[in-house]
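# Sharing a model that was predicted from the sequence below.
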Amino acid sequence: MKRFKYSSLSMVALQNNPKHQFAMKHALLEFNSNSLYTFIPKNACSTLRFSLAIRNGCIAGEQDFNWIHNNNNTFNPTLKEAFKCQYSFVVLRCPFRRLASVFLDKFVAKDRQAWIYWDNQQRKPDLDELSFSDFVKSLMQPYMFKLDIHWRPQVDFLLFDSYSDYFCLESFSDAIHTLKQQIGFEVHDARHLSGHGIERFDLIEGSNSKLTVQEIHNLKQNGTCPAPESLYSTELVEIVKKLYKDDIDFYRLKFGEDNLLFK
């Protein structure tokens, strides 16, 4: 039997329960099979939201890709629809890799999230001078830790105590196969449309935690990018282990630790 993860944590009316409502906001219905997908930013969510929009008959293909950005809540279920779904799935990611991806993507590209972050940091240091080390250490401030969905803990997005399937982004081919087999859902790779990944770059090893946004931008212009693991110092690994303990423990519970960047 399904059980909503956060509904009973508060005795207030469910519509006023912030944890439950947050998870509901990130639940999407796939109409054909009456399935529910919980989307978590930086976990192949552009690819899956794009695929879902095609599957639900709202867009035709790549020419309509940007439609998804204005329709994050279009496929949100009601409480009854969520409870009665026949299949549910979510994609999780190594927390260390996810945080590195946020910085290498959103901050280096100076997307909206970077400017909102900067404003909340009293615009210090200059955004061009921000390093991954600066970013991670700033997350020790509680209001910064959950400021944005792209680095908010993954467990916050979970609507149910248990899903039909949990997929690991590091083994995403398993998700593609299983979703096709279980619910006839075809995954359309949108990485070339979103430009969020680092697959097209030659990755640089070493110690890069202090590289600034501007320095990484210059590297990317020349076809290179710091490898995710190179952004971490020993100190930063320990900070992330503490901040994202629930995410790391849950990831390890579901997939073991072979794909964790740091054991």
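Perfect, thanks for sending it. Residues are numbered from 1 along each chain as shown.
# For Thr47, give its distance to Ala60.
17 Å (Cβ to Cβ, to the nearest Å). Just so you know, the C-beta spots here come from the backbone N, C-alpha and C atoms, and that holds for glycine as well.
# which one of the two has more residues nearby?
When Thr47 and Ala60 are compared for neighbours, Thr47 comes out ahead with 23 against 10, by other Cβ atoms under 10 Å.
# Could you verify my assumption that the more buried one touches His196?
No. In this structure, Thr47 is not within contact of His196 by Cβ atoms under 8 Å, at 9.5 Å.
# And for Asp128, the neighbour number?
Neighbours around Asp128, by other Cβ under 10 Å: 11.
# One more: Leu139?
When counting by other Cβ under 10 Å, one arrives at 17 neighbours for Leu139.
# ok, so what distance separates it from Gln15?
From Leu139 to Gln15 the distance is 30 Å (Cβ to Cβ).
# Over to Asn72?
To Gln15, Asn72 is 19 Å away according to Cβ to Cβ.
# Could you give me the buried positions within the worst-scoring helix or strand of the chain on mean pLDDT?
Within the chain, judged by mean pLDDT, DSSP states H and E, the helix or strand with the poorest mean is helix 191-194; its value is a mean of 88. Within helix 191-194, the residues that qualify as buried are Leu193, Ser194, counting by 16 or more other Cβ atoms under 10 Å.
# What helices and strands are in contact with it?
Helices and strands touching helix 191-194, by 3 or more Cβ pairs under 8 Å, 6 or more residues apart in numbering; DSSP states H and E, are helix 45-55.
# any idea how far the next helix or strand after the helix it packs on is from the chain center?
On the C-terminal side of helix 45-55, the closest following helix or strand by DSSP states H and E is helix 79-83. How far helix 79-83 lies from its chain's middle: 23 Å, per Cα atoms, centre = their mean, to the nearest Å.
# Check stretch 43-55 too.
Remark: stretch 43-55 is offset 13 Å from the chain centroid, using Cα atoms, centre = their mean.
# could you give the mean pLDDT of it?
The predicted model assigns stretch 43-55 a mean pLDDT of 97.
# Can you dump the C-alpha atoms of that stretch in CSV for me?
Written as CSV, here are the backbone C-alpha positions of stretch 43-55 (Å, rounded to 0.1, in the frame of the first residue of the first chain):
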residue,chain,number,x,y,z
ASN,A,43,19.0,14.1,-12.3
ALA,A,44,18.2,13.8,-16.1
CYS,A,45,15.1,15.8,-15.4
SER,A,46,15.2,17.8,-18.7
THR,A,47,15.4,14.5,-20.7
LEU,A,48,12.6,12.9,-18.7
ARG,A,49,10.3,16.0,-18.7
PHE,A,50,10.8,16.4,-22.4
SER,A,51,10.0,12.7,-23.0
LEU,A,52,7.0,13.0,-20.7
ALA,A,53,5.7,16.0,-22.6
ILE,A,54,5.9,14.0,-25.9
ARG,A,55,4.3,11.0,-24.3
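# So which residues of this structure form helices?
18-25, 45-55, 79-83, 95-102, 112-120, 132-138, 142-145, 172-183, 191-194, 213-221, 234-243, 245-255 (DSSP state H).
# Quickly, which of these bottoms out on average pLDDT?
helix 191-194 (a mean of 88).
# Work out the gap between that one and the centre of the chain.
On the basis of Cα atoms, centre = their mean, helix 191-194 sits 15 Å off its chain's mean C-alpha point.
# Flag every buried residue along stretch 94-108.
94-108.
# ok, now which ones touch Phe75?
Leu28, Leu29, Glu30, Phe31, Leu52, Asn56 (Cβ atoms under 8 Å, 6 or more residues apart in numbering).
# Could you give the number of residues near the fifth one?
Read that as Leu52. Using other Cβ under 10 Å, the number of residues around Leu52 comes to 26.
# Wait, Asn120 touches Met144, no?
Yes. Assessed by Cβ under 8 Å, Asn120 is found in contact with Met144 at 6.6 Å.
# Can you get me a residue count around the residue nearest to Lys146 when sequence neighbours are not counted?
Leaving aside its chain neighbours, Lys146 sits nearest to Arg152 (5.0 Å; criterion: Cβ to Cβ, 6 or more residues apart in numbering). Arg152 has 17 neighbouring residues, counting by other Cβ under 10 Å.
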